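> No letters, just coordinates:
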DNA sequence: ATTGACACTGATAATCATTTTCACTTTCAC
DNA sequence: GTGAAAGTGAAAATGATTATCAGTGTCAAT
C-alpha cells in the first residue's frame, strides 16, 4: 500500500501536480479500503480524519487516481459510481448481489474468448467489455425465499 | 405492431389506468422505431405529431411500457437511458460502437451457460446479467486508424 | 528562509437526466 | 351524461457529478 501511495506521488510529480495534504489523505483512505467504494462513502471516511475536506476534492482526487492507473470507476447501474483499486492483476468481471450489495470479482477466460469470437463474427473491433451478473449471494439466498425482496442493500453504500 | 398497441391497452385497462390520447401517440411512436431510442429522442418524434405533449409524459409512458413488459430500459453508460422493444424473442446482449453509437444485438448461449457455471461456483443465484461489448463497428473501423477518435457518436442520440 | 508562479481548495452554483409536485383537465365505468 | 379517479403539463426538485471563482498552499528557484 505504501507502494501505491508512492506510485500516486510519482504520477503527480511527473504531471507537474502537487502532492497536497488532502490528496495524500484521500489516497491513503482509498487504498485502505478493500472493496468497491463510492465517492460519498470515501468522503465520509476521510471526514473522520479531517472534517473540512470537501466532497469536491474527493471527486477530483479519484479522477487523478484513475489517471494514475490506480483506480477503476465502475457503474453498476445504481446511479452512482463505485471505485475499486486497479490491481495489477488480470482483468475481471463482477457479480453483484441485489440483496446486500456485495460485489464479487471473477474471471473466466472462456467467456472472454467467446466474446472475441462474437466480435470477430460481426467484424467488430473489440476494445473493452462489461459483464455483470446480478442476483443473490449465498447469504441472501439463504435469508430470502428466493429473494422475496425483504433484504435491502447495505453494501458499499 | 397494432398487436403491441393492443397489449398496451390491455395492460392499462387491467391496471385501472386510462388509455389517453397522449399515451397512444407515444406508444405508437415508440413501436414505430426500430432501434434503441432515448426519452429525449422519442420526445422529439412525438412533438412532430403533437407539439404540446411534455417530455414528462414521455417518461411516464415509457415507464408504463416497461411495466407492461413491452419495453426494456438499457444503460450503456452514457448518462442517459435507451429504450428498446421488449421483443418476444430470446434474451440478447449488446455490442456498442463507440465511434458512431450503433448498437447491435447478439445472443450466445455458450456464454450464457458459462455465466451460470460461474454463478454456481460461487453459490450465487443468478437473476439477470448485463453483457456489453464496446469497440468499433465495421464502418468505424474502416474510417479511423484503429479508432483514433476522429468520429463522434451520432447514433440514437 | 523567502518568494512568486501556478496549482489547489472549498463553497456555491451549474449540469443533466429523471422524478415530484400541483393545479387543472380528461377519461371511462356507471 | 356525470363524477370520481387518473392524467397532464409546467415548473420545481432531485441527486450525482462538474465547473466557477476567489482565496490558499506548494515547491522550485533564489
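Yes, it's here. Just so it is clear, the model here is predicted, and its values are computed rather than measured.
> Against residue A:128, how distant is the residue of chain A found nearest DNA strand D?
With CB to the nearest atom of the strand, the shortest gap between chain A and DNA strand D falls at residue A:81, namely 3.3 Å. Bear in mind the C-beta positions are built from the backbone N, C-alpha and C, glycine included. In this structure, residue A:81 lies at 16 Å from residue A:128, with CB to CB, to the nearest Å as the measure.
> Neighbours of residue A:48, how many?
By other CB atoms under 10 Å in any protein chain shown, the residues close to residue A:48 number 8.
> which residues touch the host helix or strand of it?
In this structure, residue A:48 sits in helix A:39-49 according to DSSP states H and E. Outside of helix A:39-49, the residues within contact range by CB atoms under 8 Å, 6 or more residues apart in numbering or on different chains are A:25-26, A:29-30, A:32-33, A:37, A:53, A:55, A:58-59, A:62, A:80-81, A:83, A:156-157.
> just to revisit the earlier point, who has more neighbours out of residue A:81 and residue A:128?
Neighbours per residue, other CB under 10 Å: of residue A:81 and residue A:128, the larger number sits with residue A:81, 17 against 10.
> still on that earlier bit, what does the average pLDDT come to for the helix holding residue A:48?
If you average the pLDDT over helix A:39-49, you get 95.
> is DNA strand C contacted by it?
No: under the criterion of CB under 7 Å from any atom of the strand, helix A:39-49 makes no contact with DNA strand C; the nearest approach is 9.1 Å.
> ok, and does that helix reach over to DNA strand D?
Yes: contact between helix A:39-49 and DNA strand D, assessed by CB under 7 Å from any atom of the strand, occurs at A:39, A:40.
> Likewise for stretch A:5-25?
Yes: where contact is defined by CB under 7 Å from any atom of the strand, part of stretch A:5-25 touches DNA strand D, namely A:13, A:18, A:19, A:20, A:21.
> Quick check: residues of chain A near DNA strand C?
A:12, A:16-18, A:20-23, A:52-54, A:56-57, A:60-61.
> Point out the ones among these that are inside helices.
Judged by DSSP state H, the residues of chain A next to DNA strand C include A:12, A:21, A:22, A:23, A:56, A:57, A:60, A:61 as members of helices.
> Now for those residues: which two are most distant?
A:12 and A:56 (18.0 Å; CB to CB).
> what about the strands in chain A?
With strands called from DSSP state E, chain A shows them at A:37-38, A:71-75, A:81-85, A:93-97, A:103-106, A:125-136.
> Which strands and helices lie in contact with the first one?
Based on contacts counted as 3 or more CB pairs under 8 Å, 6 or more residues apart in numbering or on different chains; DSSP states H and E, the elements that strand A:37-38 packs against are strand A:81-85.
> in its sheet, what does the strand it packs on sit against?
If you go by DSSP bridges, strand A:81-85 pairs up with strand A:37-38 (antiparallel), strand A:71-75 (antiparallel).
> Just put the ones you listed in CSV and tack on mean neighbour count.
Shown next, in CSV, are the strands paired with strand A:81-85 (neighbours: other CB atoms under 10 Å in any protein chain shown):
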stretch, mean neighbour count
strand A:37-38, 21
strand A:71-75, 17
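> among the ones you listed, which is nearest residue B:108?
With distances scored as CB to CB, the stretch of the strands paired with strand A:81-85 nearest to residue B:108 is strand A:71-75 (23.1 Å).
> what's the angle between that closest one and strand A:125-136?
70 degrees (axes from the mean of the first three to the mean of the last three CA atoms, to 10 degrees).
> From residue A:105, how far out is the residue nearest to residue A:114 when sequence neighbours are not counted?
Of all residues not flanking residue A:114 in the chain, residue B:111 sits nearest, at 5.0 Å (CB to CB, 6 or more residues apart in numbering or on different chains). Here the distance between residue B:111 and residue A:105 works out to 18 Å (CB to CB).
> Name the residues of chain A found near DNA strand D, please.
Taking CB under 7 Å from any atom of the strand as the measure of proximity, chain A contacts DNA strand D at A:13, A:18-21, A:38-40, A:55-56, A:59, A:63, A:79-81.
> Show me just the buried residues among those residues.
With burial judged by 16 or more other CB atoms under 10 Å in any protein chain shown, the buried subset of the residues of chain A next to DNA strand D is A:38, A:39, A:59, A:81.
> Give the residue spans of chain A that score low on pLDDT.
Applying pLDDT under 70 to chain A flags residues A:1, A:88-89, A:145-157.
> need the residues of it near chain B, please.
By the criterion of CB under 8 Å from any CB of the partner chain, the positions of chain A lying close to chain B are A:75, A:77, A:95, A:97-98, A:104, A:106, A:108, A:110-111, A:114-115, A:118-119, A:122-138, A:141, A:146-147.
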